[in-house]
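K.L.:
Sharing a model that was predicted from the sequence below.
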Amino acid sequence: MSSDSTQAADGHTPERAMQQTAADRKYADIMDLPRPEMHHQRMDPLNRAKIFAPFDALRGFDEEIDEVDRQNSVDSSEEYTDEDFV
């Protein structure tokens with residue numbers, strides 16, 4: 001920013017005013033409006049996350065993993081000694 005630039009009350013310099021983007025021009029009529037009031041209570045982030053938690057993109061995948069685990073599991077009820085591994 002040049003040292004001879006003056007700053008407007010909104011913080012923009014004259015150079016910035018000349019460099020308006022297409023979005024600035026498109027929404028110029030609403031840019032300075034106050035933020036709308038909310039008519040409902042804001043949702044707690046944890047509750048909001050619960051909305052998306054049940055999504056199962058790979059249906060049946062968990063069951064397939066469980067089945068492979070069952071097939072490859074070792075019976076932990078048996079007692080093994082060092083002699084079993086010789």
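P.N.:
Looks like it arrived, so ask away.
K.L.:
Report the separation between D44 and F55.
P.N.:
D44 sits at a distance of 19 Å from F55 (criterion: C-beta to C-beta, to the nearest Å). Yep, even glycine has a C-beta here, placed from its N, CA and C like the rest.
K.L.:
Looking at those two, which one has more neighbours?
P.N.:
D44 (9 against 6; other C-beta atoms under 10 Å).
K.L.:
Show the contacting residues for that one.
P.N.:
Contacts for D44 were tallied using C-beta atoms under 8 Å, 6 or more residues apart in numbering; there are none.
K.L.:
try 10 Å
P.N.:
D44 is in contact with K50, counting by C-beta atoms under 10 Å, 6 or more residues apart in numbering.
K.L.:
Next: L33.
P.N.:
Y27.
K.L.:
State the pLDDT value of it.
P.N.:
L33 carries a pLDDT value of 91.
K.L.:
May I have the phi/psi pair for it?
P.N.:
phi -70, psi 150 (degrees, to the nearest 10).
K.L.:
cool, G60 as well?
P.N.:
Listed backbone geometry of G60 is phi 90, psi -10, with angles given as degrees, to the nearest 10.
K.L.:
For it, grab the count of nearby residues.
P.N.:
Using other C-beta under 10 Å, G60 has 9 neighbouring residues.
K.L.:
Please report the distance of it from D66.
P.N.:
10 Å.
K.L.:
low-confidence ranges in the chain?
P.N.:
Applying pLDDT under 70 to the chain picks out residues 1-19, 75-78.
K.L.:
Next up, the contacts around the spatially most central residue of the chain.
P.N.:
Centroid check for the chain by C-alpha atoms, centre = their mean gives A49 as the closest residue, at 9.6 Å. By C-beta under 10 Å, 6+ apart, the contact set of A49 is M43.
K.L.:
I'd like the distance between it and L58.
P.N.:
To L58, A49 is 20 Å away according to C-beta to C-beta.
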